[in-house]
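Colleague: No sequence on hand, only this structure:
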C-alpha cells in the first residue's frame, strides 16, 4: 500500500467545487488514486473524498493543508486531510464475549486492519490472556451500578492516555454516558446484534426469535446519546429458520457481527464514512 | 410432477409419533417422497409433513383420511391431507401497482405456481387489461372511506364465489377489517415492503431512507388483526447505499417484494407452512 | 428523472485529467449529478464517467462535444457523450422461453428500464401474443441448420431497420455468427444460465446438477466470437441443495437470470459499463 | 446440548424403510430430536439421518447397534451410529497462511465447533506460537520436492497417532498423495479459494481477476485423487468489482474461506454429510 493523503470534504453544493478541488490537486502534482462524490439532493449538500498519492505531491501534509485552506473557506467546507502513514489509534472496549474482540485483534495482527490497536479496556478480566498474547495493553475497569461514573471516567482517561482516535465497542454491553458520547461524537463505533431499527436494546436475539423473523442481522453504527439510534455505517444479515433456537441464533449471529463490525470499522479507518445528520455517506469500494 | 398427498400434522410431542405415522403410511403402501419433522422444544410441540405418492397408496384420499383418523385422535393431532391434484384457488387482491400482481400472473401462466389463480379483485380499474390478457376474471371493487364495509363485504363475497382457498394481497394497500381477518385466518397472505418488524405501516421506503439503513427488505406474512404483525413466512433483503434516493429504493424493493411474495406463496400452496402461535414452521426444500 | 448528459471516457492515466475535465464541465456551467473514476493500475489506464445536468449547461450536446474535442485529443481519450433524452433502442432476441423476455417487456412497460424496446426477433412464434400485448413489433425469423446465414442476415437487417443500439439475447439459444459479433461489438448482451466460467455451453443446469454445486448462478455478458467468454457485466447466485432436481434448478435459475440480465442491461443503458480488454469497469450506483 | 446418537443411513429406496426405522427407534424408547430424509430419484437411493436423545433410549450405543443390525441387513443399508459424546478428532494441516487455522482454533476454543482439535501439522513453523497459545500440539513437518513421500508418511503417521477422525486442509497448499486420499476417503476436507468448478488449481484469485468475475467464492469439499474435483460440501460467494485488485480479492476471500470451511466442517462433524458418488447430501438445519 503506497502512502496516500485522504482529503474528505462536505459542504453546500454548487457548480465548480469538483473543478476547483481537482485543479488544486493537479497543481500540487497530485496523482488521484481514488475519488468519490455524492450530492444529497434533499438538502443540496455535497460530499467528496480523494485519495492522493503522497509521493506525487510537491508539498508535505502541512503545506498541502495550508494551500488548501482558502478553497475550503471559499466553499464553506467541513474538511480534513488524513495521512495513511498515521493510522488511527483504536481503543477496544470489551466485556466477556470474545468473538468481536478476537476478530479485530487477529485482523490487526495480520496487518489486515488499516489502524493501530492501542489498548483494550474491559469491564471483566476474562479476556486478558488472549489480548496479552497479541502484546496489546489490557486494562480491567469493572463497571458496577455504584461505580459507573468513576469507571467511565477512568475508561475515557485511558482512551485519552493511549491517544485513541476511535473507540470500538466490541460487544461492550454497557451504555456510554452522554458526556462520553459527546466527547467522542462520531468516534465511537458500536456493533448491535440486530438488524436495526428492529430489536433495539437488550437481548435482540431473543426478540428476533420471538418475532419469528427469517433473517437475523447486525448493525455497525456510531454511538449517540439515544440508544441504538446513531448513524448506521454497515449492516448484514443471515438466513435462519424455525429449526434454530436462540442459542443457534447467537452462534450464527456472531459471524454476522464480526463481519459487519470489521467492515464498518475498516470504512471508518479509511475515512470513507461521512456523517450527515443521523445518516452516513459511505464511500465503499 | 407426480400426484402426491400431503399429510400435515401438529400435536403435542411424545415418543412414537413418527413411528406410528410412518408405519401407517407403509401399511397403506405409501411411498414417501419428502418428509419433514420439527419439535418446538420451548413448548414441546411437534410438527410433521409428508409427501406421499398418490399412485402408491391402496386407498383414495377419503379412504386414507378415514383410516388415519384414529391415529390423529390418539395423539391429539391438528391435521390435514391435501391432494396436489386439487391445487389451491387464489384470489389476488390488487390496487394500482402492478409488479406483484404481474409477477404472480406470469408465474401462474407459465405453470410455475402450484395453485390456480381464480380471480383478481382490485380497488382501482387500472390493471384490468393486463389481467384480462391472462383470461382471469377481473373485478373492480372501489374502496372509499364511506363504502369500506360494503366494499369488503363485496370482496369477501367474490372470494367465496370463486371458492378461493387463499387471498393474496398483492400490494392491495388496504387494511382488511377484523372480521375478514378472522374468516380467513391463516389464509390471507400479504407482502409488506420492509424487513419487519422495522418500518411497520405506511411508506416503509420513506422510513428506511430516513433511518439510513444499508439493506432494504420485504416480508411475506399472514394477515392478522394487528397491522403488519402476523406470522412471518418469508423475508428477503437487498443492499442499498447513500446514493440511492427513495425512488431507487422503491424500484429495487419491487424486485425483492416479488421474489419474497412468490416464494412465500409457493410455500403456502405446497402446504409447507404450519402456523404456531404468531410464528411459522416452514418446511422449505 | 432530469435530463442528463453522460460523458464517458477512457484513456492512458496521467496527472491532471480529472482537473481538466472537471474544469471544462465547470466552465460550461455544468452541474455534476454523479461522477466516477477508476484507474486500472496494472496497465495505467484511466476510466471516468460524469452525469451532468443538461439544463445547467450553456451548450447543447453538439456544442458540448465540439468544445470537448481538443481535451479528448490532448489526452488520447476514447470518449462518448450520451443524452438521457435519447434512450438506447433495444432489439430483443428470443426463442421459446419467455421469462427473460417477459421480465424486460414488463419493466419497459412500467418505465422501469432506461431504454426503448424497439422490436422482438424470435426464432419461434410462440411468444407473439405476449409481445403484441405490449404493442411491440414481433418478427418471427426461424433458424434452421440450412437457413442459418440467411436467418442471421435477416435478423441483423431487422435490428438495423429498427435502429437498435443494443441487441439483447433474452435466452435466444442460438450462437451468433462471427461477423454479427464484430458488427455489434460491445453491443450484444447475453444472459448465460450459469456462474461463468463454470458450465460454459449447453445445459448448464444439468452440468451444475452433475457437479453437485451448492449455489447456481447466472452471468450477463457481452457476446464475443468465443462462446460464453466475453466481458462479464453482472453475476448473481442463489443457494440450492441436494433436494432440488434439475427442474428445480431451472425454476430457481429463472429468477436469477431475470434479475441478472435486467441489472446488467440497466448498467449498459445508463452507460455505466466500460469495456477494457476482456473485462468491464461497471460504475454501478 | 443434550447427548444424542446420530443414526445415518443410505440404501436402495423401497417402501417401508422409514416405518421400520422409526418403529425401531420408538421401540427403544427413543425421542427423535431431528430427522431428515432424502430420495435420490435418479438412481432410487435413499438417505436418512436421525438424532435421538441418548437418555431416552433403553440401550447404550453398543446395544443399540446390535439391535439395529438385522434391519440394516434387511435393507442393505450402509449405516453408522455416532455418539455426540465422542466428538470427532480433527488434525489440522496448515502452511503459512493463518486465517482458516486461526478461525477454527478460535471456534474450537470457544466450544463453538462440535469436534476436538487433536493436533496441528504444518509444513512451515510460522504458526507455532498461535497454535501453542491454544495448547494444541504443533508439529512442523516440512515438505520439499525431495522429501515428499517421507513428509506425507510422517504426517499420516502423526494423524494416526492423534487418532484423527478427520483431516482438515486449512490452506495447506500441498497436494496429498493418492494413497493418503484413499486411506482417508471421505475424511479429508479441503477449502479451495474459488467457486468450483471455476478456477481449479493454483492462484484462483489471479484467475478470477483475469476473468473479471463479479463474485468470488470458496468451496469446501472432500479431497479425492483428482485435484479440486471431490464432492462439494459447501460454497459461498462475495461481491467484488473492478476497483478491487488481486490483493483485495485475497483479503475479501479470506472471510469467505473461513465461513465456508467452518460451516462445511461443522456439517461433517455433526454427521450431516452423506457422500453419494461425487456429490453430497447435506442435511443442514
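Modeller: Noted; the coordinates are in hand. These numbers come from a predicted model, not from an experiment. Numbering: from 1, shown residues only, chains lettered A, B, ... in the order given.
Colleague: Distance of residue A:50 relative to chain B?
Modeller: Distance, residue A:50 to chain B, using C-beta to the nearest C-beta, to the nearest Å: 17 Å. Quick note: C-beta positions are derived from backbone N, CA and C, even for glycine.
Colleague: doesn't that residue fall inside a helix?
Modeller: No: the assignment for residue A:50, made by DSSP: H, G, I helix; E, B strand; the rest coil, is strand rather than a helix.
Colleague: Spit out the contact partners of residue A:18.
Modeller: Applying C-beta atoms under 8 Å, 6 or more residues apart in numbering or on different chains, one finds that residue A:18 lies in contact with A:37, A:48, C:22, C:25, C:26, C:32, C:35.
Colleague: Helix or strand: which one has the third one?
Modeller: Assessed by DSSP states H and E, residue C:22 sits inside helix C:17-27.
Colleague: so what's residue A:41 up against?
Modeller: residue B:245.
Colleague: Helix, strand, or coil at residue A:68?
Modeller: Under three-state DSSP, residue A:68 falls in the helix class.
Colleague: so what's it closest to, chain neighbours aside?
Modeller: Nearest residue to residue A:68, sequence neighbours excluded (C-beta to C-beta, 6 or more residues apart in numbering or on different chains): residue A:24, at 6.4 Å.
Colleague: domain parsing for chain A?
Modeller: A:4-83, A:88-282 (automatic domain parsing).
Colleague: ok, what's across the strand from whichever residue of the stretch 1-150 of chain A sits closest to chain B?
Modeller: Closest contact between the stretch 1-150 of chain A and chain B, by C-beta to the nearest C-beta, is at residue A:38 (6.0 Å). On the basis of DSSP bridges, residue A:38 is bridged to residue A:47.
Colleague: So it sits against residue B:244, correct?
Modeller: No: using C-beta atoms under 8 Å, residue A:38 makes no contact with residue B:244, being 10.7 Å away.
Colleague: Compare neighbour counts for the two and give me the winner.
Modeller: Neighbours per residue, other C-beta atoms under 10 Å in any protein chain shown: of residue A:38 and residue B:244, the larger number sits with residue A:38, 22 against 16.
Colleague: which residues sit in contact with that one?
Modeller: If a contact means C-beta under 8 Å, 6+ apart, then residue A:38 has A:46, A:47, A:48, A:281, A:283, B:242, B:243 as its contacts.
Colleague: Now render the residues you listed as a markdown table, adding pLDDT.
Modeller: What follows is these, written out as a markdown table (pLDDT from 0 to 100):
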| residue | pLDDT |
| --- | --- |
| A:46 | 96 |
| A:47 | 97 |
| A:48 | 96 |
| A:281 | 97 |
| A:283 | 97 |
| B:242 | 96 |
| B:243 | 94 |
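Colleague: ok, residue A:170 touching residue A:191?
Modeller: Yes: Residue A:170 lies in contact with residue A:191 (C-beta under 8 Å); the separation is 6.9 Å.
Colleague: Common neighbours of these two, please.
Modeller: Common neighbours of residue A:170 and residue A:191 (criterion: C-beta under 8 Å, 6+ apart): A:100, A:261.
Colleague: Please identify the most buried of the domains of chain A.
Modeller: Stretch with highest mean neighbour count among those: domain A:88-282 (a mean of 20; mean count of other C-beta atoms under 10 Å in any protein chain shown).
Colleague: what about the longest helix in chain A?
Modeller: Looking across chain A with DSSP state H, the single longest helix is helix A:246-269.
Colleague: touching chain D at all, that one?
Modeller: Yes: on the criterion C-beta under 8 Å from any C-beta of the partner chain, helix A:246-269 is in touch with chain D at A:248, A:251, A:254, A:255, A:259.
Colleague: do stretch A:122-140 as well
Modeller: Yes: shown here: stretch A:122-140 in contact with chain D (C-beta under 8 Å from any C-beta) through residue A:133.
Colleague: and the end-to-end length of that stretch?
Modeller: End-to-end distance for stretch A:122-140, by C-alpha to C-alpha, to the nearest Å: 5 Å.
Colleague: which residues sit against that stretch?
Modeller: Residues outside stretch A:122-140 that contact it (C-beta under 8 Å, 6+ apart): A:93-96, A:98, A:101-102, A:105, A:108-109, A:117-121, A:141-143, A:151, A:158, A:162, A:172-174, D:133.
Colleague: How confident is the prediction for residue A:160, by pLDDT?
Modeller: Turning to residue A:160, the model gives it a pLDDT of 97.
Colleague: what about it, which helix or strand?
Modeller: Counting by DSSP H and E, the element that carries residue A:160 is helix A:148-161.
Colleague: for chain B, what are the nearby residues on chain A?
Modeller: Residues of chain A lying near chain B (C-beta under 8 Å from any C-beta): A:38, A:40-42, A:195-199, A:211-215, A:217, A:231-237, A:241-243, A:245, A:278-282, A:284.
Colleague: Helices along chain A, start to end?
Modeller: For chain A, helices defined by DSSP H occupy the ranges A:17-27, A:61-74, A:99-109, A:128-133, A:148-161, A:178-183, A:204-211, A:246-269.
Colleague: Okay, now the unreliable bits of the stretch 101-250 of chain A?
Modeller: Filtered on pLDDT under 70, the stretch 101-250 of chain A yields no residues whatsoever.
Colleague: For chain C, give me its nearest residue in it.
Modeller: When scored by C-beta to the nearest C-beta, the stretch 101-250 of chain A has residue A:239 as its residue closest to chain C, at 8.4 Å.
Colleague: Pretty sure residue A:215 is one of the things that residue touches, is it not?
Modeller: Yes: between residue A:239 and residue A:215 there is a contact under C-beta under 8 Å: 5.6 Å.
Colleague: Could you pull up the contacting residues of residue A:90?
Modeller: By C-beta under 8 Å, 6+ apart, the residues touching residue A:90 are A:104, A:108, A:115-118, A:164-168, A:265, A:269.
Colleague: any idea how far residue A:245 is from residue C:64?
Modeller: As defined by C-beta to C-beta, to the nearest Å, residue A:245 lies at a distance of 63 Å from residue C:64.
Colleague: How about residue A:214?
Modeller: From residue A:214 over to residue C:64 the distance is 50 Å, taken as C-beta to C-beta.
Colleague: and if you look at residue A:261?
Modeller: Counting by C-beta to C-beta - residue A:261 and residue C:64 are separated by 46 Å.
Colleague: and what of residue A:186?
Modeller: Here the criterion is C-beta to C-beta. By it, residue A:186 lies 40 Å from residue C:64.
Colleague: same thing with residue A:31?
Modeller: Plainly put, residue A:31 is 28 Å away from residue C:64 if you go by C-beta to C-beta.
Colleague: Equivalent analysis for residue A:225, please.
Modeller: In terms of C-beta to C-beta, residue A:225 sits 50 Å off from residue C:64.
Colleague: again with residue A:236
Modeller: Distance, residue A:236 to residue C:64, by C-beta to C-beta: 42 Å.
Colleague: ditto for residue A:266
Modeller: The gap separating residue A:266 from residue C:64 is 39 Å, by C-beta to C-beta.
Colleague: Likewise for residue A:55?
Modeller: 36 Å.
Colleague: Over to residue A:38?
Modeller: Noted for residue A:38: a distance of 24 Å to residue C:64, by C-beta to C-beta.
Colleague: Residue A:279 too?
Modeller: Distance of residue A:279 to residue C:64, given as C-beta to C-beta: 34 Å.
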